[in-house]
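Engineer: Build me a model:
(chains A and B)
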Amino acid sequence: DMKVTQMPRYLIKRMGENVLLECGQDMSHETMYWYRQDPGLGLQLIYISYDVDSNSEGDIPKGYRVSRKKREHFSLILDSAKTNQTSVYFCASTNTGQLYFGEGSKLTVL
Amino acid sequence: QQKVQQSPESLIVPEGAMTSLNCTFSDSASQYFAWYRQHSGKAPKALMSIFSNGEKEEGRFTIHLNKASLHFSLHIRDSQPSDSALYLCAVDRGTGANTGKLTFGHGTILRVHP
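Structural biologist: A predicted model of the protein is given here:
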């Protein structure tokens, strides 16, 4: 079954706390992504990973870092979250160009 | 840097109508063009993609690409209420190197009323 799974789905944090968003895929895709989606702004690329320990910044990497130690798992880390990082975060993976997205993680930073 | 713009921002059509959504891009070297659909509160899902000039039809959906005019479009024949969603177009970065990075438009909100 082709699936991208994100955890947690909903998260509330206070400003300054650390945040860990996790993503797994069962398709052995080499390339994985983290996007954020804000109303009226579409999907903005935070980071792309081409394989284990092969990560590249996207368009808005500031305030985020990523970790990929296994091909099927890609994490997004926010060290000291800020209120403007309140958003819905989507993970995606691909081998062919077509992206498969997870259901999203809604993060609220108070 | 690749710029992708969609029009209109939102659209309301009656059930059974033809719907046309537009996307323009800025880099003529782009090679991959796609449409994604996102129902409210759900994940975006790929609808269709195209690599070369022309048209491609899959069921009620047709994608049309004109690289010279930096434009591609999605046409939905016999629109259904279940087609109500946010439609996102996506284009590769067009640098000639396959970076895997896509630029998404801001989306068109489609509502099909019965």
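Engineer: Enumerate the residues of chain A near chain B.
Structural biologist: Listed as neighbours of chain B in chain A under the rule Cβ under 8 Å from any Cβ of the partner chain: A:4, A:31, A:35, A:40-45, A:48, A:50, A:56, A:58, A:90, A:94, A:97-104. Every C-beta, even on glycine, is put in place using the N, C-alpha and C of the backbone.
Engineer: Out of those residues, which end up buried?
Structural biologist: Using 16 or more other Cβ atoms under 10 Å in any protein chain shown as the burial test, these include A:4, A:31, A:35, A:42-45, A:48, A:58, A:90, A:94, A:97-104 as buried.
Engineer: Now do the strands in chain A.
Structural biologist: A:4-7, A:10-13, A:19-25, A:31-37, A:43-51, A:54-57, A:65-70, A:73-78, A:87-94, A:100-101, A:105-109 (DSSP state E).
Engineer: Turn those into JSON lines, columns for distance to B:Ser69 and mean pLDDT.
Structural biologist: As requested, the strands of chain A are exported to JSON lines (distance: least, Cβ to Cβ, whole Å; pLDDT from 0 to 100):
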{"stretch": "strand A:4-7", "distance to B:Ser69": "35", "mean pLDDT": "97"}
{"stretch": "strand A:10-13", "distance to B:Ser69": "43", "mean pLDDT": "97"}
{"stretch": "strand A:19-25", "distance to B:Ser69": "37", "mean pLDDT": "98"}
{"stretch": "strand A:31-37", "distance to B:Ser69": "28", "mean pLDDT": "96"}
{"stretch": "strand A:43-51", "distance to B:Ser69": "24", "mean pLDDT": "95"}
{"stretch": "strand A:54-57", "distance to B:Ser69": "31", "mean pLDDT": "94"}
{"stretch": "strand A:65-70", "distance to B:Ser69": "37", "mean pLDDT": "97"}
{"stretch": "strand A:73-78", "distance to B:Ser69": "37", "mean pLDDT": "98"}
{"stretch": "strand A:87-94", "distance to B:Ser69": "28", "mean pLDDT": "96"}
{"stretch": "strand A:100-101", "distance to B:Ser69": "29", "mean pLDDT": "95"}
{"stretch": "strand A:105-109", "distance to B:Ser69": "38", "mean pLDDT": "97"}
